[in-house]
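Novice: Okay, predicted coordinates and the sequence, questions at the end:
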Amino acid sequence: MAVNKSHKILLVFFFLNLIYFIIGFVYQHDFSNGGKIDFEHIYGNFLLFKNSSLFELDWAKYESTSLPLHYLITKFLIPENNIFVFKLYTFILSLLCVPLFYITLKIKLNIKKIDFSILLISSIILLSSPFRTDGYFGLEENIGFFILFICLIFYFLHLKTKEKKYIIPTIFFSCLVFYTRQTYAFVSIITFFYFLDKNNLISFKNFKISFIYFIFLVPSLYFFFSWGSVLPVDASFRLVGFQFYSIPYSFGMFIIFTLPFYLYNFTYYLKHLNLKNSLFLTILFIVYALTFWALPINNFGGGPLAKLLLFDINFKIIFFLFSFLGILTIYDLSRKNLNILIFALFFVFIYLFADKAFYSYLDPLMFIIIVLLSDKFIKQLNNKNFSLFLFSYFFILHFSWIYYFHIYLDGVIR
C-alpha cells in the first residue's frame with residue numbers, strides 16, 4: 001500500500017504519541033498526581049495475593065475498590081521481588097491495547113487494508129492521564145481495557161457474521177472484564193441484551209444464554225460474600241446514600257468525551273436549530289440550572305469542568321451549560337442505540353451512590369465506548385481530518401490536565 005503525504009502526517013503523530021508514551025514509562029511520569037501513592041497500595045495487594053491462598057486471604061488488608069483479577073494473574077506471572085517486571089507487565093499490557101483497539105475498529109468498519117486514520121484514533125488512549133499512570137505504575141485498571149477490546153472483537157465478529165462460534169467467547173470476556181472492576185458490569189449487560197431473543201423472552205435460547213452468564217459470573221459471589229458488600233472491606237465507605245448533585249457532575253464529565261464529536265459537526269447541528277427548538281432548549285436549561293444551582297463545590301473529584309468552580313464561582317453558569325450539553329449529546333447518541341443508553345445510565349447510577357464522582361472511571365473508557373458502540377459518527381472514523389481533530393482535542397486536554405496538576409496545584413497530590 002502506497003503511503004501518501006496525508007498518511008505520513010498521520011503516521012508521524014501516531015509514532016510521536018507512541019514514543020511519548022514510552023518516554024513516560026522510562027521517566028515514570030505521574031501526571032495524575034497519584035500514581036506513586038497508588039503503587040504502594042497496589043504492590044501491597046500483589047504481595048498479599050502472592051503470599052496467601054485466595055481462600056485464606058485477609059480481605060481487611062486488601063486496599064482496592066476492584067475485583068482482584070489483576071492480582072490473580074500477576075500472582076502467577078510476576079516474581080515477588082522485582083518491581084520493574086511488575087510495572088513492565090502492565091506497561092506492555094497497556095501498549096497492546098492500541099493494536100487491539102485498531103483491530104476492533106477495522107472489524108467494526110469492515111476495513112481489510114491498513115487504515116492510518118483509525119490507527120491514529122486507536123492511539124488516543126495513550127493520551128489519557130489515568131491510562132498512562134496505570135500503565136506506568138503497575139496499577140490494576142488497564143487490564144480491564146485489554147480484556148474489553150478482546151470482548152468487543154468477538155462481539156463485532158458475531159455482529160458481522162452471526163456465527164455461533166463467537167457467542168461463548170463474547171460472553172466469557174464480557175464476564176471476565178467484570179472481574180477487573182465492578183464498573184465493567186455494563187459490558188455484560190450490553191452483550192446479554194444483544195444475545196437475548198427479545199421477540200420470545202420465555203424460550204430455551206434465552207434460558208441457555210442466561211445460564212451461561214450465570215456460570216461465568218457466579219464466582220464473583222465469593223468475593224461479595226467475603227466482603228459483605230459489592231466493595232472490599234477497606235473501600236466500603238465509598239458506597240454512600242443517594243447523591244442528588246452527582247447528576248450535573250456526571251453529565252459535566254460526559255460532555256468532555258462527547259464534545260469533540262459534536263464540535264467537528266457543529267455546522268450540521270447548527271443548521272437544524274430553529275427558533276422553536278432554541279426557545280425550548282433555553283427553558284429546559286434554565287430549569288436544569290435552577291434545580292441543581294445549590295450543588296456543593298468539591299476540590300476532589302468531579303472532572304475537569306468542575307475544576308472551573310474552584311477557580312471562580314462565577315463559572316457556575318458555564319459549568320451548567322456544558323453539563324446540560326452533556327445531557328443533550330447523550331440523548332442524541334442514545335437514540336436508537338441501547339448500548340450507549342445502558343452505559344450512560346449505568347455510570348450515572350454509580351456516581352449517584354459513590355462518595356466522589358471520579359473522572360478516571362470514564363477516562364478513556366467513554367471515548368472507547370463512543371467510538372466502538374455508537375454508529376453516529378461511523379462514516380467519519382476513517383476520515384483523516386476527523387482523526388486529526390480528535391487527536392488534537394485529546395492532546396490539548398491531556399496537557400491542560402498536566403498544567404492543572406503540576407503548575408496550578410504545584411504538584412500537590414489530588
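Specialist: Perfect, thanks for sending it.

Novice: Nearest residue to Asn110 in space, please, no chain neighbours.
Specialist: Leaving aside its sequence neighbours, Asn110 sits nearest to Lys160 (CB to CB, 6 or more residues apart in numbering; 7.1 Å). For the C-beta atoms, the positions are set from N, CA and C on the backbone; glycine is no exception.

Novice: May I see the buried residues of the host helix or strand of that neighbour?
Specialist: Element membership for Lys160 (DSSP states H and E) is helix 142-161. Across helix 142-161, burial judged by 16 or more other CB atoms under 10 Å covers 142-158.

Novice: Can you list the helices and strands that that helix packs against?
Specialist: Helices and strands touching helix 142-161, by 3 or more CB pairs under 8 Å, 6 or more residues apart in numbering; DSSP states H and E, are helix 69-77, helix 83-109, helix 129-136, helix 167-176, helix 185-195, helix 365-373.

Novice: Show residues contacting the lowest-mean-pLDDT helix or strand in the chain.
Specialist: One helix or strand of the chain scores below all others by mean pLDDT, DSSP states H and E: helix 308-311, with a mean of 78. With contacts defined as CB atoms under 8 Å, 6 or more residues apart in numbering, helix 308-311 is touched by Ile297, Asn299, Phe315, Lys316, Ile318, Phe319.

Novice: Buried subset of those, written for ChimeraX?
Specialist: In ChimeraX, this line selects whichever of the contacts of helix 308-311 come out buried by 16+ other CB under 10 Å:
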select :316,319
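
Novice: Which two among the contacts of helix 308-311 are spaced furthest apart?
Specialist: The span of those, defined through CB to CB, is set by Asn299 and Ile318 at 18.0 Å.

Novice: quick one: low-confidence parts of this protein?
Specialist: 1-3, 33, 406-414 (pLDDT under 70).

Novice: Return the distance of the most centrally placed residue in it relative to Tyr71.
Specialist: In the chain, the residue lying closest to the centroid (CA atoms, centre = their mean) is Leu365, at 1.5 Å. Distance of Leu365 to Tyr71, computed by CB to CB, to the nearest Å: 21 Å.

Novice: just Val26 next, same as before
Specialist: Distance from Val26 to Tyr71, by CB to CB: 25 Å.

Novice: Phe145 now?
Specialist: Counting by CB to CB, the separation of Phe145 from Tyr71 is 17 Å.

Novice: just to revisit the earlier point, the helix holding Lys160 to helix 69-77, inter-axis angle?
Specialist: On the basis of axes from the mean of the first three to the mean of the last three CA atoms, to 10 degrees, helix 142-161 is oriented at 100 degrees to helix 69-77.

Novice: Relative to the whole chain's centre, how far out is helix 142-161?
Specialist: 14 Å (CA atoms, centre = their mean, to the nearest Å).

Novice: same deal with stretch 286-295?
Specialist: Relative to its chain's centre, stretch 286-295 lies at 28 Å (CA atoms, centre = their mean).

Novice: And that stretch, what's buried?
Specialist: Tyr288, Ala289, Phe292, Leu295.

Novice: out of those, what pair is the most spread apart?
Specialist: Tyr288 and Leu295 (11.5 Å).

Novice: gap between the strand or helix carrying Ser6 and the chain center?
Specialist: Using DSSP H and E, the element containing Ser6 is helix 5-26. In this view, helix 5-26 has its centroid 22 Å away from the chain centroid, taken as CA atoms, centre = their mean.

Novice: now what about it, what contacts it?
Specialist: 3, 29, 87, 91, 94-95, 98, 116-117, 119-120, 123-124, 126-127, 132, 135-136, 384, 387-388, 391.
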